[in-house]
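K.L.:
Sharing a model that was predicted from the sequence below.
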Amino acid sequence: MSETRDHDSQNAPKPNNGQFIADMVIEDMAKRADFGLRKYGTKLQAHNGRDALQDAYEEALDLCVYLKQRLVEDDFQEGDVKAIYKKYQYRCKCGKGPMKGGVRLSPGTDKQFSQFFDMLDLTWAESHNQPGCGLKDKTVTTI
């Protein structure tokens, strides 16, 4: 997967029978203005007490994240993405039944795996806080 796309390789747009995108955007803007009126009791106006540059910058950051998500998703062909499955098992010194299970996540979700296993560690520790308890072993297997 490349980090950037070669924009010079694109063909010129070809006319077709589809709706004009600009018209769709204008319609969406009218809907957003109506939504703002319902939510805030007014449509967006200048000198409203907010920092428009900060608001626009934060919205642009959100847009960048969504655009990159779509670019990454589009780079994968059907069948390229295989979910990662990890099995886990915690066994205690006290002999109490093991805590075991599995989790399936998409590639590139290492942070979610880490958060999931941090949560499991806490869950296990809370259920085994008796005298004689303690982690005998923890096994995590990627399938």
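P.N.:
Done, it's in. Computed from a prediction, not measured in an experiment: that's the story for all the values here.

K.L.:
Next secondary structure after the longest helix belonging to the chain?
P.N.:
Across the chain, the longest stretch assigned as helix under DSSP state H is helix 52-75. Note on helix 52-75: by DSSP states H and E, the next helix or strand toward the C-terminus is strand 84-92.

K.L.:
to the chain's geometric centre, what's the distance from that following strand?
P.N.:
24 Å (CA atoms, centre = their mean, to the nearest Å).

K.L.:
same thing with stretch 47-56?
P.N.:
For stretch 47-56, the distance to the chain centre is 27 Å (CA atoms, centre = their mean).

K.L.:
Tell me the secondary structure at residue 18.
P.N.:
For residue 18, the assignment made with DSSP: H, G, I helix; E, B strand; the rest coil gives coil.

K.L.:
In contact with it, which residues?
P.N.:
Listed by CB atoms under 8 Å, 6 or more residues apart in numbering, the contact set of residue 18 is empty. Every residue, glycine included, has its C-beta placed from N, CA and C.

K.L.:
just to revisit the earlier point, export the longest helix of the chain as PDB, just CAs?
P.N.:
Taking Å, rounded to 0.1, in the frame of the first residue of the first chain, the C-alpha atoms of helix 52-75 are listed here in PDB:
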ATOM      1  CA  ALA A  52     -14.500  30.300  13.600                       C
ATOM      2  CA  LEU A  53     -10.900  29.600  12.700                       C
ATOM      3  CA  GLN A  54     -10.600  27.100  15.600                       C
ATOM      4  CA  ASP A  55     -13.900  25.500  14.700                       C
ATOM      5  CA  ALA A  56     -12.900  25.100  11.000                       C
ATOM      6  CA  TYR A  57      -9.500  23.800  11.900                       C
ATOM      7  CA  GLU A  58     -11.000  21.100  14.200                       C
ATOM      8  CA  GLU A  59     -13.500  20.200  11.500                       C
ATOM      9  CA  ALA A  60     -10.700  20.000   9.000                       C
ATOM     10  CA  LEU A  61      -8.800  17.600  11.300                       C
ATOM     11  CA  ASP A  62     -11.900  15.400  11.500                       C
ATOM     12  CA  LEU A  63     -12.200  15.500   7.700                       C
ATOM     13  CA  CYS A  64      -8.500  14.400   7.300                       C
ATOM     14  CA  VAL A  65      -9.100  11.400   9.500                       C
ATOM     15  CA  TYR A  66     -12.200  10.300   7.700                       C
ATOM     16  CA  LEU A  67     -10.500  10.800   4.300                       C
ATOM     17  CA  LYS A  68      -7.400   8.800   5.300                       C
ATOM     18  CA  GLN A  69      -9.700   6.000   6.700                       C
ATOM     19  CA  ARG A  70     -11.400   5.800   3.300                       C
ATOM     20  CA  LEU A  71      -8.100   5.900   1.400                       C
ATOM     21  CA  VAL A  72      -6.800   3.000   3.500                       C
ATOM     22  CA  GLU A  73     -10.000   1.100   3.200                       C
ATOM     23  CA  ASP A  74     -10.000   1.500  -0.600                       C
ATOM     24  CA  ASP A  75      -6.400   0.300  -0.900                       C
END
